[in-house]
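K.L.:
fold the following.
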Amino acid sequence: MEYNSKFFIQTLAKGLDILEAFKTDKEELGITELSSLANMPESTVQRIVNTLAFKGYIYQNPLNKKYRLGFLLLKADYSTKNMNELVQKAYIHMKNLNEKTGENVNLAVRESNSLLYIKHVNSKHLLRPNFILGERYPLYCTALGRCLLSDFSEEELAILVNSPLEKYTPHTKTSFSDLTKDLKFIQENGYIIDDEEFQLGLFCIASPIYGFDKKVIAALSISLPKMRITAENKDDTIKWTQETAKKISADFKNIFQTN
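P.N.:
Residues are numbered from 1 along each chain as shown. The predicted structure is shown next:
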């Protein structure tokens, strides 16, 4: 079909050309590289990638300004790594954790400066958190978000968190130093707690999930009303969350190595 067909949308075709340019050995591509691969002007490429990044189809690395495919395309099996299989395998472990604790179990990934929920196993309790799949939430004041940032260098973190942080509750930490301390805690202990920092009455425990290259690729959490966390169940819940995240990490590594 020619570009001048009355049933042909040129802008959409150019966007698809940009996405097809990522069929290369390079994980990330800059504007100049995309311009060459897609055979279109850099100014046109810039407008298209801005739109694709805003919609979550590609992601810009804040440190080098280059782009890679975003989670929405990975989930659709656009890339060679089958994200659907990863989520399915994670779900088995999430279901086990849900049955053990009776609470919400969540899986999330990072998209730009937000976290994106991609899988839930809901609590059977009538009173439970309600986060929406596909919705974006802040990174800095959630347990999941901080886990997703836990392998960032201070330089990368400063680029990503380059504006004043909103205080969602009286307990929200908004200083850069507090954030870096929390990320160091995750690196050393394998988990972090969100005690009413994003939403009053909400208590969350999260652990990072790693890929074969030891980079954080997702995060797992348990979320529940604070009234249901006690001195008796807190330590076990932390331990079970960590153990489940490690099992999912092992599955993720195996899938990526065999694809």
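K.L.:
low-scoring stretches of this structure, by residue?
P.N.:
Applying pLDDT under 70 to the chain picks out residues 1-7, 71-84, 212-213, 254-259.
K.L.:
can you pull out the helices in it?
P.N.:
10-20, 31-38, 42-54, 71-75, 83-101, 143-148, 154-160, 176-189, 231-258 (DSSP state H).
K.L.:
roughly how far does Ser43 sit from Leu34?
P.N.:
From Ser43 across to Leu34, the span is 12 Å (Cβ to Cβ, to the nearest Å). Using the backbone N, CA and C atoms, a C-beta is placed for each residue, glycine as well.
K.L.:
which of the helices of the chain sits closest to Phe198?
P.N.:
helix 143-148 (8.6 Å; Cβ to Cβ).
K.L.:
now render the helices of the chain as CSV, adding distance to Tyr210 and mean neighbour count.
P.N.:
Shown next, in CSV, are these (distance: least, Cβ to Cβ, whole Å; neighbours: other Cβ atoms under 10 Å):
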stretch, distance to Tyr210, mean neighbour count
helix 10-20, 27, 14
helix 31-38, 28, 17
helix 42-54, 25, 16
helix 71-75, 16, 19
helix 83-101, 12, 17
helix 143-148, 10, 28
helix 154-160, 17, 14
helix 176-189, 11, 14
helix 231-258, 5, 16
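K.L.:
and Leu202, which of those helices is closest to it?
P.N.:
Of all those, helix 143-148 sits nearest to Leu202, with 9.9 Å by Cβ to Cβ.
K.L.:
residues contacting the closest residue to Thr44 other than its chain neighbours?
P.N.:
Using Cβ to Cβ, 6 or more residues apart in numbering and skipping the chain neighbours, the partner closest in space to Thr44 is Lys14 (6.7 Å). Contacts for Lys14 (Cβ atoms under 8 Å, 6 or more residues apart in numbering) come out as 38, 40, 44, 48.
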